[in-house]
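Novice: the following block contains a protein sequence and its predicted model.
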Amino acid sequence: MISFLKNFLPDDFDKPQQLPILKVTMLGPSGVGKTSLLAAMYDQFDEISQDLQLRADEDTAPILDKRLQELKNMVGTSIKPGEGIRGTAGDEPMCYSFEFGETGVNPELEIQFQDYPGGWLEKTNQIEKVRTLIGESAAILIPIDAAILMENNGEYHEKFNQPNKINDLLKKVYRNLDSPRLVILVPVKCEKYMQDNPKQLFDRVKEGYKKVLNQLAGAKLAPKVAVIITPVQTVGNIVFSRIEKTSDDQVIFRYRKRGPNDPYQPRNTEIPLRFLLRFLLKLHLDKKRSSWLDFILDFLGQNDSLRNAVIRFSEERMDDVEIVQGHHLLKLTD
Ligand SMILES: Nc1nc2c(ncn2[C@@H]2O[C@H](COP(=O)(O)OP(=O)(O)OP(=O)(O)O)[C@@H](O)[C@H]2O)c(=O)[nH]1
Ligand SMILES: [Mg+2]
């Protein structure tokens with residue numbers, strides 16, 4: 001609780017106004033695509049919403065722009081699981097900060113995406129930091145490497161997507177939850193499977209994350225935790241092609257461009273944000289409040305025009321999403 005409240009103290013006098021802060025954690029092992037997903041979500045937002053704006057702060061923008069450039073240049077790249085090309089590094093989690101509000105007026109909310117090097121899940125001294133991040137976050141995004149989940153009957157899934165580790169983490173952090181949470185499972189690198197057989201991809205996610213989903217569906221957590229699955233194509237038109245093994249037994253996942261002239265064409269990158277906002281709206285409308293949420297939700301209570309823009313944005317019809325549990329936390333209209 002203290003850590004939540006700390007965010008609202010005006011320790012930064014340079015800013016004209018301290019915005020309420022909403023935290024979201026990117027959760028997953030190294031190389032699954034946490035930072036890339038974030039970059040794609042940010043990049044595409046402007047193309048999708050006219051009324052609402054997401055603006056990266058000046059520390060955040062250059063890092064995401066660089067990652068985005070790497071994604072756009074990806075054609076023909078091969079990918080070794082367990083290793084982001086240049087993994088997020090450092091001793092502190094990287095915090096990507098965005099100002100959110102209506103286009104053309106002052107922002108009303110700060111959304112902080114907490115990104116950490118996936119390698120931390122392996123280190124006992126760092127895992128505590130990840131737990132704290134999750135505990136402080138209203139939502140977590142779990143990117144899933146879809147090729148690893150799907151190919152070779154999921155032979156590499158346990159090793160590289162680490163669903164058991166995620167399950168263990170949530171077991172500890174979501175004990176005695178004091179406020180509602182949103183868990184978003186996001187298959188990425190999924191272009192091939194969304195084209196071939198999306199239903200199979202959804203089924204395999206549920207199979208591959210069975211323990212996590214069972215745990216969250218328990219009697220104590222189900223009323224408080226909403227879970228959705230939403231595949232995001234962060235690049236588009238780059239499809240898995242084959243697995244190669246090197247002489248030292250490393251596995252490399254190779255991708256290819258669908259056609260020689262196919263463009264960078266991300267899809268569904270905005271859906272996690274639509275649901276995040278819908279989740280906040282619903283909490284606001286239900287007046288379900290806990291002390292830290294009050295600060296955040298006020299941004300919806302005080303500004304009708306912004307609230308209406310958020311309603312329009314988050315109610316948009318969406319394909320390619322499954323609400324696994326927690327309809328009551330996400331449904332705006334009857
Ligand atoms: N084919 C394909 N590759 C992707 C996609 N998204 C990310 N990658 C690649 O996957 C690798 C890992 O992506 P990152 O975003 O660095 O993964 P991360 O989870 O942030 O990794 P750490 O920072 O090490 O924890 C990079 O080589 C990306 O270029 C995608 O949608 N399709
Ligand atoms: Mg990263």
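Specialist: That came through fine. Numbers count the residues shown, from 1 in each chain. Ligands and ions are numbered 1, 2, ... in the order given.

Novice: quick check: the gap between the residue positioned nearest the centre of the chain and ligand 1.
Specialist: Centroid-nearest residue in the chain, with CA atoms, centre = their mean: Leu141, separated by 3.0 Å. Distance, Leu141 to ligand 1, by CB to the nearest ligand atom, to the nearest Å: 11 Å. For the C-beta atoms, the positions are set from N, CA and C on the backbone; glycine is no exception.

Novice: ok, residues contacting the strand or helix carrying that residue?
Specialist: Here Leu141 sits within strand 139-145, counting by DSSP states H and E. With CB atoms under 8 Å, 6 or more residues apart in numbering as the contact definition, strand 139-145 has outside contacts at 24-28, 31-34, 37, 81, 113, 134, 160-161, 166, 181-189, 205, 208-209, 272, 276, 279.

Novice: out of those residues, name the ones that lie in strands.
Specialist: Secondary structure defined by DSSP state E assigns Val24, Thr25, Met26, Phe113, Arg181, Leu182, Val183, Ile184, Leu185, Val186, Pro187, Val188 of those to strands.

Novice: how about TSV for those, with distance to ligand 1, neighbour count and pLDDT added?
Specialist: TSV is the format used below for those (distance: CB to the nearest ligand atom, whole Å; neighbours: other CB atoms under 10 Å; pLDDT from 0 to 100):
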residue	distance to ligand 1	neighbour count	pLDDT
Val24	15	25	95
Thr25	12	26	94
Met26	7	26	93
Phe113	11	27	93
Arg181	21	23	95
Leu182	20	25	97
Val183	17	26	98
Ile184	15	24	98
Leu185	15	26	98
Val186	10	28	98
Pro187	10	29	98
Val188	5	23	97
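
Novice: and the residues you listed, which two are furthest apart?
Specialist: Farthest apart among the ones in strands among the contacts of strand 139-145 by CB to CB are Arg181 and Val188. That separation is 21.3 Å.

Novice: quick check on the closest residue to Gly259 other than its chain neighbours: phi, psi?
Specialist: Counting by CB to CB, 6 or more residues apart in numbering, Gly259 lies nearest to Asn237, which is 7.4 Å off, once chain neighbours are set aside. Asn237 adopts backbone torsions of phi 60, psi 10, taken as degrees, to the nearest 10.

Novice: OK, contacts around the closest residue to Met41 other than its chain neighbours?
Specialist: Nearest residue to Met41 in three dimensions, chain neighbours excluded: Thr269, at 5.0 Å (CB to CB, 6+ apart). Listed by CB under 8 Å, 6+ apart, the contact set of Thr269 reads Ala40, Met41, Asp43, Gln44, Phe45, Ile48, Val232, Gln233, Thr234.
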